[in-house]
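>>> Just to be clear, the model below is a prediction. Sequence and coordinates:
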Amino acid sequence: MRPAARLKSLAPAVCPLPPPPAPVNLLFLAPQLPYPPRQGTALRNWGLIRHLSQRHTITLLTFTDEAASAIPPELTAVCARVRAVPVPRRTRAERLRALFSPHADLARRLWSPAFSRQLADTVRAASFDLVQIEGLEMAPYLAAIPPGPRRLYDAHNVEHMLQRRAARVDLARPARWPAALYSWLQWPRLKQLEAWTCRQVDAVTCVSAEDAASLRALVPGLEPCVIPNGIDVAGYASFLAPAPPPDDARPAAVIFTGKMDYRPNIDAVLWFAASVWPRVRAAQPQARFMIVGQKPTPAVQALDGRDGITVTGAVDDVRPLMAQAAVFVAPLRMGGGTRLKLLEAMALARPVVSTTLGAEGFPVQAGRELLLADAPADFARAVLRLLTDPAEARRLGLAGRDFVQGRYDWSALLPNLEAVYRRLRAPAGAG
């Protein structure tokens, strides 16, 4: 068993930039193809790979629903090698057995003997300096990594906290008790899996100070390095929408984006549509609410066409739709990590209304970069405030863009991750 990682947490906003690192030969293990980057996990992984590839050699091992020949050229352009294994499919019986197993369901969700063999073969065929595990779903493959390369676990979420919060939210609705039971069973198992994972690696990174504190509570002595989620701010500049003219008669659009089979996103839009949106429409009958994202569940799809609500499903690029919206909402009541969707909205200078949980992990202040509200009436009032006060909406939007540009562009974040690489490669006892 490896000692707990002891890399000091690095705050991107205050750390001096380290010197340029020596090139590192990296093997990335990712749960899905990072391109096209249509949701949080892919957005983070694509950002990391795209920018790290400018100074380091990247090999990507991942899962795909498509044939190997369908790997996007954007990935092959930045990676030295891309190896893709078909995503495993579990039978209903296998899923039921997993529920009553003492192990976390997440540990079996992407388990594939073919992937395990490909991982071992890939490591033996090259001299990797580091294997980077992207997310807890990939942690079970730690045991398949042959000796040699150092290991880094990049925690996109603290999964046991996500399930604990989900259980608390769903317990309030009898119709959601089966989901609450699932989360209640899973969160202690995930707690064990996360603690085990952190002890098996040489370094741990996570996306927020809150997540770092949660992981430290699991493994005394662990010092995760905070590498926040980031975006390419320049990639949003061409989509910035001009301020609408005072006589603009178009119905105002409120928008939410996200992967719509992801439980926190499902809960967010169902709660907003049932408890917040009727209050907004009562005051602004022409207002529209757009739910944008792939794989909407039947419950989400059923909202389409009701009370000015549109469910788009997957789109090639969310930026044009986000840029035209009057308000971006993040009505999240469960989840963890930090929300890339907020960074995208702010990069587009869209005013944001979020729950406190939805903005967790970002050093924001209510009324400065965004508006915060947790009760339905308060959330509706915040949305209406921005719909009826264009000057305030523009002020918040510009403040949000300045906030993202100064703190969350990948160019500002990656030097701290490269400092982790440098420490991992340093001889024992150095530094």
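On my side now, so go ahead. Residues are numbered from 1 along each chain as shown.

>>> Does Arg90 fall in a helix, a strand, or a coil region?
coil (DSSP: H, G, I helix; E, B strand; the rest coil).

>>> Offset the numbering so it begins at 53, please.
OK, 53 is where the count begins now, so the last one is Arg142.

>>> Return the backbone torsion pair for the nearest residue to Ala261 once chain neighbours are set aside.
Leaving out its chain neighbours, the residue that sits closest to Ala261 by Cβ to Cβ, 6 or more residues apart in numbering is Val278, at 5.8 Å. In short, each C-beta sits where N, CA and C put it, glycine included. Here is the backbone geometry of Val278 (degrees, to the nearest 10): phi -80, psi 110.

>>> hang on, Val278 packs against Cys258?
Yes: judged on Cβ atoms under 8 Å, Val278 makes contact with Cys258 at a distance of 6.2 Å.

>>> how about the strand or helix carrying Val363 as PDB, C-alpha atoms only?
Using DSSP states H and E, Val363 sits in strand 361-365. Provided in PDB are the C-alpha atoms of strand 361-365 (Å, rounded to 0.1, in the frame of the first residue of the first chain):
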ATOM      1  CA  ILE A 361     -40.300  25.300 -21.400                       C
ATOM      2  CA  THR A 362     -38.100  23.800 -24.100                       C
ATOM      3  CA  VAL A 363     -36.000  20.700 -23.700                       C
ATOM      4  CA  THR A 364     -33.500  20.600 -26.600                       C
ATOM      5  CA  GLY A 365     -31.600  17.400 -25.900                       C
END
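
>>> now that strand, how far from the chain's geometric center?
How far strand 361-365 lies from its chain's middle: 21 Å, per Cα atoms, centre = their mean, to the nearest Å.

>>> hang on, the earlier thing: and the pLDDT for the residue nearest to Ala261?
Looking at Val278, its pLDDT is 95.

>>> same question, Arg225
pLDDT, read off for Arg225, is 87.

>>> Identify the residue nearest Phe455 in space, chain neighbours excluded?
Glu421 is the one closest to Phe455 (Cβ to Cβ, 6+ apart), at 4.8 Å.

>>> got it, and Cys250?
Cys250's closest residue in space is Val271 (Cβ to Cβ, 6+ apart), at 4.7 Å.

>>> Relative to Gln215, how far out is the one you found?
Plainly put, Val271 is 18 Å away from Gln215 if you go by Cβ to Cβ, to the nearest Å.

>>> Then Gly345?
In terms of Cβ to Cβ, Gly345 sits 21 Å off from Gln215.

>>> residue ranges with poor pLDDT in the stretch 53-202 of the chain?
Applying pLDDT under 70 to the stretch 53-202 of the chain flags the ranges 53-73, 118-121.

>>> Run through the strands of it in chain order.
77-82, 109-116, 133-138, 182-186, 202-207 (DSSP state E, counting those that start in this stretch).

>>> what angle sits between the shortest one and strand 202-207?
Put plainly, it is strand 182-186. 20 degrees (axes from the mean of the first three to the mean of the last three Cα atoms, to 10 degrees).

>>> Equivalent analysis for the third one, please.
For strand 133-138 and strand 202-207, the angle between their directions (the same axes, to 10 degrees) works out to 60 degrees.

>>> just checking, what packs against the helix ranked longest in the chain?
In the chain, taking DSSP state H as the definition, the longest helix is helix 229-252. Here helix 229-252 touches helix 158-161, strand 202-207, helix 211-222, helix 261-270, going by 3 or more Cβ pairs under 8 Å, 6 or more residues apart in numbering; DSSP states H and E.

>>> gap between the longest one and the chain center?
On the basis of Cα atoms, centre = their mean, helix 211-222 is displaced by 16 Å from the centre of the chain it belongs to.

>>> Likewise for stretch 259-270?
On Cα atoms, centre = their mean, the centre of stretch 259-270 falls 16 Å from the chain's centre.

>>> swap in stretch 209-224?
With Cα atoms, centre = their mean, you get 16 Å for stretch 209-224.

>>> Contacts made by that stretch with the rest, please.
156, 158, 187-188, 228-229, 231-232, 235-236, 238-240, 242-243, 245-246, 258-259, 263, 266-267, 315-316, 319, 385-389, 409 (Cβ atoms under 8 Å, 6 or more residues apart in numbering).

>>> Restrict it to CA atoms and write it as CSV.
C-alpha atoms of stretch 209-224 as CSV (Å, rounded to 0.1, in the frame of the first residue of the first chain):
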residue,chain,number,x,y,z
ASN,A,209,-16.2,15.1,-7.0
VAL,A,210,-16.2,13.7,-3.5
GLU,A,211,-18.6,11.0,-4.4
HIS,A,212,-19.7,10.0,-0.9
MET,A,213,-20.7,13.6,-0.1
LEU,A,214,-22.7,13.7,-3.4
GLN,A,215,-24.7,10.7,-2.5
ARG,A,216,-25.2,11.8,1.1
ARG,A,217,-26.7,15.1,-0.1
ALA,A,218,-28.8,13.3,-2.6
ALA,A,219,-30.3,11.0,0.1
ARG,A,220,-31.2,14.1,2.2
VAL,A,221,-33.0,15.8,-0.7
ASP,A,222,-34.8,12.7,-1.9
LEU,A,223,-36.0,11.7,1.6
ALA,A,224,-38.3,14.8,1.5
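
>>> Only the buried residues of that stretch, if you could.
Within stretch 209-224, the residues scored as buried using 16 or more other Cβ atoms under 10 Å are 209-219, 221-222.

>>> And those residues, which two are furthest apart?
Val210 and Asp222 (18.5 Å; Cβ to Cβ).

>>> ok, which stretches of the stretch 353-483 of the chain are helices?
In the stretch 353-483 of the chain, helices defined by DSSP state H, counting those that start in this stretch lie at 371-376, 392-399, 428-440, 442-459, 462-477, listed in chain order.

>>> As TSV, these with distance to Ser164 and mean pLDDT would be great.
Below are the helices of the stretch 353-483 of the chain laid out as TSV (distance: least, Cβ to Cβ, whole Å; pLDDT from 0 to 100):
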stretch	distance to Ser164	mean pLDDT
helix 371-376	34	94
helix 392-399	27	94
helix 428-440	42	97
helix 442-459	37	94
helix 462-477	27	93
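
>>> Please identify the most buried of those.
For the helices of the stretch 353-483 of the chain, the largest average neighbour count (mean count of other Cβ atoms under 10 Å) is found in helix 392-399, namely a mean of 27.

>>> CA atoms of it as PDB?
In PDB, the C-alpha atoms belonging to helix 392-399 read as follows (Å, rounded to 0.1, in the frame of the first residue of the first chain):
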ATOM      1  CA  LEU A 392     -18.200  24.100 -15.100                       C
ATOM      2  CA  LYS A 393     -21.600  25.300 -16.300                       C
ATOM      3  CA  LEU A 394     -21.200  28.400 -14.100                       C
ATOM      4  CA  LEU A 395     -17.800  29.100 -15.500                       C
ATOM      5  CA  GLU A 396     -19.200  28.900 -19.000                       C
ATOM      6  CA  ALA A 397     -22.100  31.200 -18.300                       C
ATOM      7  CA  MET A 398     -19.800  33.700 -16.600                       C
ATOM      8  CA  ALA A 399     -17.300  33.500 -19.500                       C
END
